[in-house]
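Participant: Quick check, what structure comes out for this input:
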Amino acid sequence: MTENFKQNLLRTISTTPTLLTNFNHPSSYHSPQNANHNTPNHCSKNTTLSGGGKNTTRIAIISTLLLFLFSFSASAQANTQTLFFNVSAEEFRIGSANGTSLNNTFPEYIGKWEYNNATNTLTLTDFVWETSARTALQIVGSCTLYVEGTNTFTSTLPSNTSGFSRGIYTESPLTISGDRNGILNATGGTTGYGGSASYGILASGGNNNNAVSITISGGIVNATGGTVGRVGASASDSYGIYANSGNTVSITISGGTVNAIGGTVMGEGYSYGIYANSGNSGNTVSIAISGGTVNATGGTVGDIYSYSYGIFANSSGSCNITISGTVVAKGHTRAIHQNSGTPTFPASRYRWTANTDYNNAKATRETGTNPPDAYAYSTGDKYIKIALVPQTFRGNNIIVRGGASLIIGKP
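Facilitator: Here you go, the predicted structure:
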């Protein structure tokens, strides 16, 4: 909420008794259409008021309306703008990397974020930004995003819109972490035309083809692509987490919980839970999962020329998918795929559950330490679960069961 709006509203409230002595009817309220719209006055000074009952009723109406406006104005203005975090400026800006200050325009966000330039860490605490803009949050520069409480960035782009929609976007290396219960929700909007794309989290090399990396080491990350495309239109794509550049590309997950979900593709196109891609030859693309819990789901596709993958790595150079954490991957085409070479899977202490049925978690086979077929297009598993096998340790009359790390010393 702007300071000018606050001051005018407070001034109106303070003069309400005077207004009521000359009150006939409340003037109409005009909802602002964008963040720059001037909010009109909300009370008329025209005619007389008579009758104690009417007085009480109209006071109640005025009070309710003013309280509504006070709470509604900030969200109404916020809902049309992209939020930028400018790392070099150490500040959130609205509309562009050098736009107006978030704290000055919406002081209710004060206390919900903090930037530490010594550690290059942006901490978010119960921070919510939902907008009809194509991108909810764009991070300009490289930093670590640390989440506490529930933090949400959602593009609510209207479904009758073509083009792209992104929950979180960056053109620099991004690290995400958080406390045990810290949640980051990043959701792309619905795009109802062909040639569209929706991303939960997108890291791109941009015009300079910068090297791109997404690293997740903690917290709970929910990255969801929206529903895209329509039947008979050109191809559209939906991604939970996508890293893309003509340079080196990496996605690394070492801790926390990651739920990456590609949205439904109504016609022709692709849906990916996690996708790393490099378009230039000779570049390395890697997806490494070494800890935490990962659920990567390719969405439903509605065309015979559409494809759905849980985890996918693509490069005309070198591709490396390495998994040694707890993973559930699902795709209507394949659960896990890289377009060159063979993924690297755990050699021991992990058990595979695999099925050629996308919707069936019951194993058609349990493979122990031998990985399922995660490469061939035609026979690959559509559902793969990789879980740490509970271990039993014995020593000094101490028995510990479970998959957690154990340090044994003398009692």
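
Participant: all contacts plus neighbour counts: C-alpha atoms, from now on.
Facilitator: Fine.

Participant: isn't residue 134 right up against residue 153?
Facilitator: No: counting by C-alpha atoms under 8 Å, residue 134 stays clear of residue 153, with 11.5 Å between them.

Participant: Residue 240 and residue 346, how far apart?
Facilitator: 24 Å (C-alpha to C-alpha, to the nearest Å).

Participant: And those two? Which one has more around it.
Facilitator: Higher neighbour count among residue 240 and residue 346: residue 240, with 33 against 19, using other C-alpha atoms under 10 Å.

Participant: count of neighbours near residue 328?
Facilitator: Using other C-alpha under 10 Å as the criterion, residue 328 is surrounded by 24 other residues.

Participant: correction: residue 208
Facilitator: Residue 208 has 11 neighbours, counted by other C-alpha under 10 Å.

Participant: tell me the domain boundaries of the chain?
Facilitator: Each domain of the chain is listed here as a residue range: 3-77, 79-392, per automatic domain parsing.

Participant: chain center to the last one: distance?
Facilitator: With C-alpha atoms, centre = their mean, to the nearest Å as the basis, domain 79-392 stands 8 Å off its chain's centre.

Participant: State the mean pLDDT of that domain.
Facilitator: Domain 79-392 shows an average pLDDT of 88 in the prediction.

Participant: What ranges does the protein have for its helices?
Facilitator: With DSSP state H as the definition, the chain shows helices at residue ranges 3-14, 16-20, 52-78, 102-105.

Participant: Comparing the ones you listed by mean pLDDT, which bottoms out?
Facilitator: helix 16-20 (a mean of 40).

Participant: how close does the spatially closest residue to residue 174 that is not a sequence neighbour sit to residue 261?
Facilitator: Here the nearest residue to residue 174 in space, its sequence neighbours aside, is residue 214; by C-alpha to C-alpha, 6 or more residues apart in numbering that works out to 5.0 Å. Per C-alpha to C-alpha, residue 214 is found 16 Å from residue 261.

Participant: between these two, which one's more packed in?
Facilitator: Regarding residue 214 and residue 261, a neighbour count based on other C-alpha under 10 Å identifies residue 261 as having more, with 30 against 23.

Participant: list the contacts for that one?
Facilitator: Residues touching residue 261, when contacts are defined by C-alpha atoms under 8 Å, 6 or more residues apart in numbering, comprise 222-225, 239-241, 272-274, 295-299.

Participant: Out of those residues, which sit inside strands?
Facilitator: 222, 223, 224, 239, 240, 241, 272, 273, 274, 295, 296, 297 (DSSP state E).

Participant: Residue 156 reaches residue 198, doesn't it?
Facilitator: No: between residue 156 and residue 198 there is no contact under C-alpha under 8 Å: 10.9 Å.

Participant: So for the two, which sits in the more crowded spot?
Facilitator: Between residue 156 and residue 198, counting by other C-alpha under 10 Å, residue 198 is the more crowded of the two (34 against 24).
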